[in-house]
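[1] Make a model of this:
(2 chains)
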2 protein chains.
Amino acid sequence: MNPSGLEALIEALRCLPGIGPKSAQRLAYHLMQHDRAGAARLGDAIQHALQAIRHCQRCNTFTELDICERCASPRRDPSLLCVVETPVDMNMMEQTQAYQGLYYVLMGRISPMDGIGPRDLALERLLARASDGLVREVILATNYTNEGEATAHYIMAMLKARDINVTRIARGVPVGGELEYVDAGTLAQALRERKLLGSS
Amino acid sequence: MNPSGLEALIEALRCLPGIGPKSAQRLAYHLMQHDRAGAARLGDAIQHALQAIRHCQRCNTFTELDICERCASPRRDPSLLCVVETPVDMNMMEQTQAYQGLYYVLMGRISPMDGIGPRDLALERLLARASDGLVREVILATNYTNEGEATAHYIMAMLKARDINVTRIARGVPVGGELEYVDAGTLAQALRERKLLGSS
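    As a prediction, the model looks like this:
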């Protein structure tokens, strides 16, 4: 029913996650009817990004350089390596201003439901990174979801076999959290991992 | 926090309706990490569509020709002109296989809330189209929403002033609809517009 160039655009928009046939049609109509300038910018931005964006050879995050600015910075502590699932998680860690070490970004998580196994994450690159002789501790900061936990367990086993120190960020009641509104699983875990006070 | 090419892509994705900053970031990461081939296709499709897609000079729908195939077809009845809001609505009408006339696609609706007035719809083109000497009846098939109703009223007044016959598609209980599940407004309208049986 649509002209072929429009059908091709609708079909191409479906590569975006969460966009089905109806949404794709709505988006294509919107771009062609109401925002041709935006569409032109989007086309250009996609093509520029495809050309410019690659992965940092050390931490695997997105960068336009061989080694990203953070990995190249002399102000970061090379003895700490924090493993996160995505660049967003890395940004969240940075916003805490409580971490001065380096990162390794998995760009995913082990998720059998989505057919993503350890091999798909290229974990041998993480192993090589953690074995550089400078790293003294690997901090696992994957999510506390089932997939994030499975990923952390797999990486822990892999690194322990090489005698690398591995830690996991703490689980517990969120800061500012009221017990009344914390789920039972979190509360049970906070109880199990309770800390002796007065000792530090 | 992101390299500039990625930031530009995230920003550009926000031209898509319903895509906020978080979604745009998620989409950009997905394209760069998991679907570069899809991203390349999308970039090409956008640029091709921008070049190829324009509006039919007669019915205003999207086409790659000056006059779309439907308007150019000798099998359609030029005495009937059906006014719809969007190409999707036109496709819905076609799927009924109950209409053999021609169309005019408004590519929108009067919507003061969104700052869209009659002028933004370029209704003088519809007026010219309806005054071609062949059209004997204009059928208003805008939605039965507030905006669609306002649009239909405006067009009706405009065309009546030129002595053009204007009709509106019927309102009522949907085919297969049970009274128990029809909203009161629809049922009230179906009652008001009841038809005498055994006549017609």
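
[2] Which residue lies nearest the spatial centre of chain A?
    The residue lying closest to the centre of chain A (C-alpha atoms, centre = their mean) is A:Thr86, at 0.9 Å.

[3] Pull the contacting residues for that residue.
    A:105-108, B:29 (C-beta atoms under 8 Å, 6 or more residues apart in numbering or on different chains). The way it works is simple: take the backbone N, C-alpha and C, and place the C-beta from them, glycine included.

[4] Tell me the pLDDT of A:Arg54.
    Note on A:Arg54: pLDDT of 95.

[5] let me fix that: A:Glu180
    Each residue has a pLDDT score; the one for A:Glu180 is 82.

[6] Tally up the residues packed near it, please.
    5 (other C-beta atoms under 10 Å in any protein chain shown).

[7] Next, it: secondary structure please.
    helix (DSSP: H, G, I helix; E, B strand; the rest coil).

[8] just the helices in chain A please.
    For chain A, the helices defined by DSSP state H occupy A:4-13, A:21-34, A:36-52, A:69-72, A:87-95, A:123-130, A:146-160, A:184-192.

[9] Out of those, which is the most enclosed?
    Highest mean neighbour count of the helices of chain A: helix A:4-13, a mean of 20 (counted as mean count of other C-beta atoms under 10 Å in any protein chain shown).

[10] Summarise which helices and strands it is packed against.
    Here helix A:4-13 touches helix A:21-34, helix B:36-52, going by 3 or more C-beta pairs under 8 Å, 6 or more residues apart in numbering or on different chains; DSSP states H and E.

[11] follow-up on the earlier one: and the pLDDT at the residue nearest to the centre of chain A?
    In this model, A:Thr86 carries a pLDDT of 92.

[12] any idea how far B:Asp114 is from it?
    35 Å (C-beta to C-beta, to the nearest Å).

[13] Which residue is the nearest non-sequential neighbour of A:Leu80?
    A:Gly101 (2.6 Å; C-beta to C-beta, 6 or more residues apart in numbering or on different chains).

[14] Go ahead and measure how far the lowest-mean-pLDDT helix or strand in chain A is from the middle of the chain.
    Within chain A, no helix or strand scores below helix A:184-192, which has a mean of 84 by mean pLDDT, DSSP states H and E. Offset of helix A:184-192 from its chain centre (C-alpha atoms, centre = their mean, to the nearest Å): 25 Å.

[15] Stretch A:1-12 now?
    Using C-alpha atoms, centre = their mean, the offset of stretch A:1-12 from its chain centre is 33 Å.

[16] likewise stretch A:69-78?
    19 Å.

[17] Would you work out how far apart the start and end of it are?
    Start-to-end span of stretch A:69-78 (C-alpha to C-alpha, to the nearest Å) is 14 Å.

[18] right, is it up against chain B?
    No: remark: stretch A:69-78 sits outside contact range of chain B, by C-beta under 8 Å from any C-beta of the partner chain, the gap being at least 9.0 Å.

[19] can you list contacts of that stretch?
    Contacts to stretch A:69-78, defined as C-beta under 8 Å, 6+ apart, come from residues A:56, A:58-59, A:61, A:63, A:65, A:100-103, A:132, A:134-135.

[20] Which members of the residues you listed are classed as buried?
    By neighbour count, with 16 or more other C-beta atoms under 10 Å in any protein chain shown, the contacts of stretch A:69-78 hold A:56, A:58-59, A:61, A:63, A:101-103, A:135 as buried.

[21] Dump the residues you listed to TSV, plus distance to B:Ala128.
    Supplementary listing: the buried ones among the contacts of stretch A:69-78 in TSV, determined by distance: C-beta to C-beta, whole Å:
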residue	distance to B:Ala128
A:Cys56	59
A:Arg58	65
A:Cys59	62
A:Thr61	57
A:Thr63	56
A:Gly101	70
A:Leu102	67
A:Tyr103	63
A:Val135	74
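
[22] Which one of those is nearest to B:Gly148?
    Distance to B:Gly148, by C-beta to C-beta, is smallest for A:Thr61 among the buried ones among the contacts of stretch A:69-78, at 48.3 Å.

[23] pLDDT at A:Ala122, what is it?
    Predicted confidence (pLDDT) for A:Ala122: 84.

[24] and it, how many neighbours does it have?
    Applying other C-beta under 10 Å, we find 14 residues neighbouring A:Ala122.

[25] Next, it: phi, psi?
    With angles defined as degrees, to the nearest 10, A:Ala122 sits at phi 50, psi 50.

[26] Can you give me the distance of it to A:Gly133?
    A:Ala122 sits 21 Å away from A:Gly133 when distances are taken as C-beta to C-beta.

[27] Low-confidence ranges, chain A, go.
    For chain A, applying pLDDT under 70 flags the ranges A:199-200.

[28] Swap in 80 and give it another go.
    A:1, A:195-200 (pLDDT under 80).
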